[in-house]
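Visitor: Need a 3D model of the following:
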Amino acid sequence: MSDLLDNLSLWTLPAFAVLIAVEFLAYWIEKRREQPPRRPMVGVSGKDAVTSLSMSGIGAFTDVISKLVQLPVLVLAAAMAPVQWSAAWWLPALILVDFVYYWEHRAHHRIRMFWIGHSVHHSSQHFNQTTALRLGWLMPTDIVSSFLFYVPLLLAGLPLWLLFLLQAVILTYQFPIHTERVGRLPRWIEFVFNTPSHHRVHHGVNNPYLDKNYGGIFIIWDRMFGTYAEETEQVAYGLTKQITTYNPVKVNYWELARAARDVWNAKTWRARVNYLLKPPGWSETPTATNTPEEQLPVTGHGDTPASAAGATATIQKAS
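Guide: The predicted model follows:
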């Protein structure tokens with residue numbers, strides 16, 4: 001297992017670096033030539049990218065701690081399985097793990113205690129290759145989520161090494177789809193697989209896009225379970241309440257601090273539990289729902305704020 005994961009890292013890390021460099025170079029060339037982009041884009045921010053890369057660097061070390069905490073339970077679950085699946089079943093296993101990933105990902109958006117960790121990934125108001133690396137670290141709720149969704153697979157006989165490998169494959173697949181520079185792909189690809197267009201929608205806070213397109217590799221889960229949305233207008237990225245810092249530690253614990261404050265200030269114990277188990281937008285005091293006219297504008301908190309003009313521009317199909 002370690003050899004397979006090492007080989008995956010050996011190839012993916014340089015590939016990630018090349019993709020990041022190429023994407024930023026493309027934006028730089030467009031800016032130098034004063035070429036208008038083929039499609040509306042928020043663009044990139046140096047400060048925002050450094051924050052994402054810093055969080056990835058810290059996460060490379062803290063992830064070891066998280067894995068060590070999880071490993072005893074995962075090993076025990078795998079040992080308790082009455083049968084072990086053959087590695088020859090890797091393709092059905094990939095489809096199954098991606099299906100479970102869909103539900104885990106959906107839970108991360110719809111249950112506040114899981115959103116605490118996942119919100120870190122959505123905190124950037126830009127959408128590029130570095131955004132894929134902006135992942136939270138040292139979140140106990142992420143460990144709970146891992147046990148809840150993946151221990152049943154181990155008990156059913158999925159080998160632990162294969163689970164780790166398939167999880168790595170699903171996450172690696174999603175790295176290059178974090179980009180504004182790729183339009184729509186051929187129709188059959190868009191129908192089956194998660195694509196840059198689908199994932200832009202997932203990162204959107206516009207009313208048509210919020211909490212949509214949870215699939216990892218396959219978008220068919222969203223089509224089946226009613227969470228699919230098509231990209232039809234420019235996407236506003238980030239959170240419904242945007243963060244105001246580039247400090248990676250503050251970014252990592254921003255939502256945790258907000259959730260802790262909500263729980264602390266709640267008037268009843270029932271409300272305290274609801275602040276953890278209800279969707280992130282739940283409030284003890286009902287609030288008015290924004291109308292479409294009150295949607296968040298497309299603004300960046302990077303080096304240069306993006307213009308809000310064209311926020312509702314129709315996305316043209318890539319040529």
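
Visitor: which non-adjacent residue is nearest the residue lying farthest from the centre of the chain?
Guide: Ranked by distance from the centre of the chain (CA atoms, centre = their mean), the top residue is residue 82, with 33.9 Å. Counting by CB to CB, 6 or more residues apart in numbering, the nearest residue to residue 82 once its immediate chain neighbours are dropped is residue 157, at 7.1 Å. Yep, even glycine has a C-beta here, placed from its N, CA and C like the rest.

Visitor: ok so residue 135 is a helix residue?
Guide: No. Counting by DSSP: H, G, I helix; E, B strand; the rest coil, residue 135 is located in no helix; its state is coil.

Visitor: pretty sure it is touching residue 120, no?
Guide: Yes. Using CB atoms under 8 Å, residue 135 makes contact with residue 120 at a distance of 6.5 Å.

Visitor: Around the nearest residue to residue 49 once chain neighbours are set aside, count how many other residues there are.
Guide: Leaving aside its chain neighbours, residue 49 sits nearest to residue 130 (4.3 Å; criterion: CB to CB, 6+ apart). By the criterion of other CB atoms under 10 Å, residue 130 has 25 neighbours.

Visitor: So residue 130: helix, strand or coil?
Guide: The three-state assignment at residue 130 reads helix, by three-state DSSP.

Visitor: if we can go back for a sec, out of residue 135 and residue 120, name the residue with the larger neighbour count.
Guide: Shown here are residue 135 and residue 120; by other CB under 10 Å, residue 120 has more neighbours (25 against 19).

Visitor: any idea how far the more buried one lies from residue 29?
Guide: Going from residue 120 to residue 29 by CB to CB, to the nearest Å gives 31 Å.

Visitor: Over to residue 113?
Guide: Distance, residue 113 to residue 29, by CB to CB: 44 Å.

Visitor: and those two? which has more neighbours close in?
Guide: residue 113 (23 against 10).

Visitor: element containing the more buried one?
Guide: According to DSSP states H and E, residue 113 maps onto helix 112-118.

Visitor: Against which helices or strands is that helix packed?
Guide: Contact partners of helix 112-118 among helices and strands, from 3 or more CB pairs under 8 Å, 6 or more residues apart in numbering; DSSP states H and E: helix 90-110, helix 140-155, helix 248-265, helix 269-277.

Visitor: Specify the angle between the longest one and helix 269-277 in degrees.
Guide: The reference is to helix 90-110. Interaxial angle of helix 90-110 relative to helix 269-277 (axes from the mean of the first three to the mean of the last three CA atoms, to 10 degrees): 140 degrees.

Visitor: angle of helix 90-110 against helix 140-155?
Guide: Relative orientation of helix 90-110 and helix 140-155, computed by the same axes, to 10 degrees: 150 degrees.

Visitor: Other residues contacting helix 90-110?
Guide: With CB atoms under 8 Å, 6 or more residues apart in numbering as the test, helix 90-110 has contacts from 85, 114-115, 117-118, 145, 148-150, 153, 158, 162-163, 166-167, 169-170, 211, 214-218, 221-222, 225, 227, 279-280.

Visitor: Just the buried subset of these, please.
Guide: 85, 114-115, 117-118, 145, 149-150, 153, 158, 162-163, 166-167, 169-170, 211, 214-218, 221-222, 227, 280 (16 or more other CB atoms under 10 Å).

Visitor: what about stretch 262-279, average pLDDT?
Guide: What stretch 262-279 shows for mean pLDDT is 97.

Visitor: Need the distance between the two termini of that stretch.
Guide: 13 Å (CA to CA, to the nearest Å).

Visitor: From the chain's centroid, how far away is it?
Guide: Mean-position distance between stretch 262-279 and its chain equals 25 Å (CA atoms, centre = their mean, to the nearest Å).

Visitor: before we move on, what about stretch 203-214?
Guide: 12 Å.

Visitor: Counting neighbours, which bits of it end up buried?
Guide: Buried, per 16+ other CB under 10 Å, within stretch 203-214: 203, 204, 205, 206, 209, 210, 211, 212, 213, 214.

Visitor: Kindly report the same for stretch 67-81.
Guide: For stretch 67-81, burial by neighbour count (16+ other CB under 10 Å) applies to 70, 74, 77, 78, 81.

Visitor: Which element, helix or strand, includes the fourth one?
Guide: Residue 78 is part of helix 46-79, with elements assigned from DSSP H and E.

Visitor: helices or strands up against that helix?
Guide: The elements that helix 46-79 packs onto, with contact taken as 3+ CB pairs under 8 Å, 6+ apart, are helix 140-155, helix 160-174, helix 248-265.

Visitor: pLDDT weak spots in the stretch 1-150 of the chain?
Guide: Residue ranges of the stretch 1-150 of the chain with pLDDT under 70: 1-10, 34-40.

Visitor: Contacts only, for the residue most central in space within the chain.
Guide: Among the residues of the chain, residue 121 comes closest to the average C-alpha position under CA atoms, centre = their mean, at 5.3 Å. By CB under 8 Å, 6+ apart, residue 121 lies in contact with 131, 134, 135, 136.
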